[in-house]
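1. quick check, what structure comes out for this input:
(2 chains)
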Amino acid sequence: MNFAQRILQWPGSHRLRNGARRRALALYDPWRQFWFTPADPTPLAVMRILFGGMLLYTQFVWGLNLEGFVGADGWQGSTLVRTLQSDQFAWSFWWWIPHGLHFTAHLLCLVILTLFMLGAYTPVTSVLAYLITISYSSRAPMANYGLDQINGLAALYLAIGPSGSRLSIDRWRLRYRAARKQFSLGREPVVMPVEPSARANLALRLVQVHLCVIYVFACLSKLQGESWWSGTAIWQAVSNLEYQSRDVTWLAWYPWLVNLLTHVTIAWEMTFWALVWRPMLRPFVLAVGTAIHLGIGAFMGMWTFGLAVIFAYVAFIPGRQISAILRRAAQLTVPLLRSLHAVPDSSASIRARAAWFALGLDTGDRERTDREPAEERSPSPMREPSLVPTPVVAEVVPSPIAEAPHTTVAPLNGKSRGRADLLPTRPSVLLIEGRLKRQAEVQEYFLKHGFRCSVASELHQARSMLAVIDFDVLVVTSSWFLEHELSEFHDALIGGGPALPASVLLVGSPQGRSDAQGFQESPRHRVLVGSLSLRELRLLVLEVLGLTEESLAPFVARPTRSKNGRHPAPSAPATVEASPSPQPATHDSPSVSDGNGSPS
Amino acid sequence: MSPRRPLLSAIAPLVPPGVVRVVRRWGRPVGFVLVNVWLVYHLVAIILAPWSVPPASRLVQNSWRAVGAYDQLLFLNHGYHYFAPEPGNSTLLSYVLEMPDGSLRTGRIPNRDIHPRLLYHRHFMLTEYLASDDLSPALRQELVKAMARELCRENQAHRVTLSRVSHRLPTMEFVRAGGALDDPESYTEEPLGTFSSDEL
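-> Numbering: from 1, shown residues only, chains lettered A, B, ... in the order given. Here you go, the predicted structure:
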């Protein structure tokens, strides 16, 4: 037995490993929450429209002297640029486009950018918009400035995030198709929310962090210059005749004001990265930044650069605030359109009504967009047709800015129909369990006993799945989740009424949670502390569903055989336990560890 | 099959159960680890790009080599030195064109006749590049030639004489004393040469 094996077999090593794992998770969790907590994609959608317009305009302006900027014999001849970039990895598709096709390619780029701005085929056009943006900039590197840098990073992050998931033609088409189908079936269309998305959060975070990096280095580089210390830099910037678009030479009579503006600029850039994360200070920090960049536009003629940076600030605005503004705008617009008889009434054609519905103005996207009912996506012969849904749980959209403690309460969007009329059939279980091995064991057990069983490792993943797939019951066996998250999730389930699945929660964790206090209970929503055998768990699930074992008999798998076909295959471990501490062996099979790696 | 269903569920019936188990066991964690590794690398890349702009330590400049290709490929290799280390003099290009009919036409780039403003700034950045430290003398000469060629092409001129113009920034005292921003004394011209369209 080697040293490593001895260490592993040492009784204390298991506890040490678990402790290390817990510490690693504690370290990783803030990182995960910051980057991967699902967030409302609305800010990204707004940024797509704003930056789409900016990219379109920027590329359009290149085209005003296309041969001058991308032609082989233009301001930056191909020999010159190729020599300049000979040791670089910068690339541009303009190198491969024959001279005669330059204008055609340019027009095609403008069309793609227009589609991107409008949100058509966004998964494709967002990537193309990014490639177009960097291609123009890399082909004409000597004519670049700050605008191209901001455009480039924005286009990259808009391609990473789901920027077309709202306020887009893609969204409209999705709603239109669903609404048209529902209208043709004589039903009112369903408005279902857009789920918060981890990709949206990742993209928004990248914009935010990149802006912080920009300001840090913009400040550090300024501090190498004397004028930023002596307080005269702002004068030098605004008295530059080639930049100046408005005469501000009157500042020469107010040197103290020049000093103040210079110092404020430096102080703001120096502290942006720290203060912008403070919710109380964020509006102030962004307001100062907006004022500075509007000033750059108004007095130095760089409106495009100033606006591009301001557009990037949208990443710091919580989606719920943007949604509120959009709702307000819709509320103001709809009466106007009604007065102009531009709103189709119930006698209008299905297409017209669906097109109007798809605009989302009536609902103001309050419940944040829709999707086709699940049964249209995954028809199930076991299910009744969809009925008009009951309202979903009140929406709480996570802010893209992480607050401490950060809480993500995504709306639980179930297929809103009474579940009692769906049973008895083969019930579907959504198992929420972070441990992969445990997932497999419990899932296999449920499948073997006549259930359909899907698994989710995280609560937010479960939320996403609930919005898409019908489940009859949720089973949470993992205790990895924070108590308040689990409690909110559970409350939202109960608050959703019969529209949402029943649930069974096994609670108990090393954070001191030892009872079910704080968890509401109802006949459809059971909360248990400690461990259960898989059989007990299954019976409990049947109980909350109002079913019996006999009702699932037709679906129960026949006993599996071993390879030689003589002996039954060994059954799965028979208990699940959510308590972190080992429970007395009250069951007829060994207990298993909980989600935090407690001893078996 | 819903397009939002997990990929594994979609392909599960098509692949052996063992493979499904392995994918289920490792697929998600591996993907998540890869995303995290990329994220860390990306953050390092966007920080090292401006940090490695001279003056920078050898450590940072050498570290940049690990991310330089990525930065350049994704157009992230920027210094963000806006008006830094301090706002400097402007550099312009002055030209005298000899037209086919023998007439002379003079001008300066950028000029306020260039619209829209963004196009004006594009031209301004071009002429600013004439004073850039990034260019070797040979490349600077190549840039000058390219500018001469483009001016001849745009204006159908036979010859062009170019000068680099440096416009000094006025001080507050100068303006308070009645000086104008376009005071002729604040401009300094440096001849760049005469170029024939046939030679370019």
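
2. and the strands in chain A?
-> A:428-432, A:452-456, A:473-476, A:502-507, A:525-529, A:531-533, A:575-577 (DSSP state E).

3. and the pLDDT at residue B:151?
-> If you check residue B:151, the pLDDT there is 93.

4. may I have the beta-bridge partners of the residue lying closest to it once chain neighbours are set aside?
-> In space, and not counting its chain neighbours, residue B:151 is closest to residue B:160: 5.1 Å by CB to CB, 6 or more residues apart in numbering or on different chains. Quick note: C-beta positions are derived from backbone N, CA and C, even for glycine. For residue B:160, the beta-bridge partners under DSSP bridges are residue B:97, residue B:195.

5. and residue B:160, how close does it get to chain A?
-> 13 Å (CB to the nearest CB, to the nearest Å).

6. contacting residues around that residue?
-> B:95-98, B:148, B:151-152, B:194-195, B:197 (CB atoms under 8 Å, 6 or more residues apart in numbering or on different chains).

7. circling back to that earlier point, weakest of the strands of chain A in terms of mean pLDDT?
-> strand A:575-577 (a mean of 50).

8. if we can go back for a sec, could you dump the contacts of residue B:160 to a markdown table with neighbour count?
-> A markdown table is the format used below for the contacts of residue B:160 (neighbours: other CB atoms under 10 Å in any protein chain shown):
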| residue | neighbour count |
| --- | --- |
| B:95 | 21 |
| B:96 | 15 |
| B:97 | 21 |
| B:98 | 19 |
| B:148 | 26 |
| B:151 | 23 |
| B:152 | 22 |
| B:194 | 13 |
| B:195 | 21 |
| B:197 | 19 |
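
9. check these and tell me the two furthest apart.
-> B:96 and B:197 (13.8 Å; CB to CB).

10. confirm residue B:163 sits in a strand?
-> Yes - under DSSP: H, G, I helix; E, B strand; the rest coil, residue B:163 sits within a strand.

11. pretty sure it is in contact with residue B:192, am I right?
-> Yes - counting by CB atoms under 8 Å, residue B:163 does reach residue B:192; the two are 5.9 Å apart.

12. comparing those two, which residue is more hemmed in?
-> Legend: neighbour count by other CB atoms under 10 Å in any protein chain shown for residue B:163 and residue B:192, higher for residue B:192 (22 against 16).

13. may I have the residues that are in contact with the more buried one?
-> B:144, B:162-164.

14. next up, phi/psi of it, please.
-> phi -110, psi -20 (degrees, to the nearest 10).

15. how about it, nearest residue that isn't a chain neighbour?
-> residue B:162 (4.1 Å).

16. ditto for residue A:165
-> residue A:41 (4.6 Å).

17. now residue A:112
-> residue A:128 (4.9 Å).

18. and what of residue A:284?
-> Once flanking residues are discounted, residue A:284 sits nearest to residue A:275: 7.9 Å by CB to CB, 6+ apart.

19. quick check: the gap between the residue nearest the centre of chain A and residue A:56.
-> The residue lying closest to the centre of chain A (CA atoms, centre = their mean) is residue A:197, at 2.2 Å. As judged by CB to CB, to the nearest Å, residue A:197 and residue A:56 stand 25 Å apart.

20. closest to chain A out of the contacts of residue B:192?
-> Among these, residue B:144 lies closest to chain A (CB to the nearest CB), at 10.0 Å.

21. for chain B, what spans make up the strands?
-> B:90-98, B:104-109, B:159-167, B:187-196.

22. in TSV, list those strands along with mean pLDDT.
-> Converted to TSV, the strands of chain B look like this (pLDDT from 0 to 100):
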stretch	mean pLDDT
strand B:90-98	94
strand B:104-109	93
strand B:159-167	94
strand B:187-196	92
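
23. can you say which of these is packed in most?
-> Among the strands of chain B, ranked by average contacts under mean count of other CB atoms under 10 Å in any protein chain shown, first place goes to strand B:90-98 (a mean of 20).

24. taking strand B:187-196 as reference, get the angle to it.
-> Going by axes from the mean of the first three to the mean of the last three CA atoms, to 10 degrees, strand B:90-98 is angled at 40 degrees with respect to strand B:187-196.

25. what is the orientation angle of strand B:90-98 with strand B:104-109?
-> Going by the same axes, to 10 degrees, strand B:90-98 makes 160 degrees with strand B:104-109.

26. so strand B:90-98 versus strand B:159-167, what angle?
-> Using the same axes, to 10 degrees: strand B:90-98 against strand B:159-167 is 160 degrees.

27. what does strand B:90-98 contact?
-> Counting by CB under 8 Å, 6+ apart, A:240-243, B:104-110, B:124, B:126-128, B:130-131, B:147, B:151-152, B:155, B:157-167, B:189 sit against strand B:90-98.
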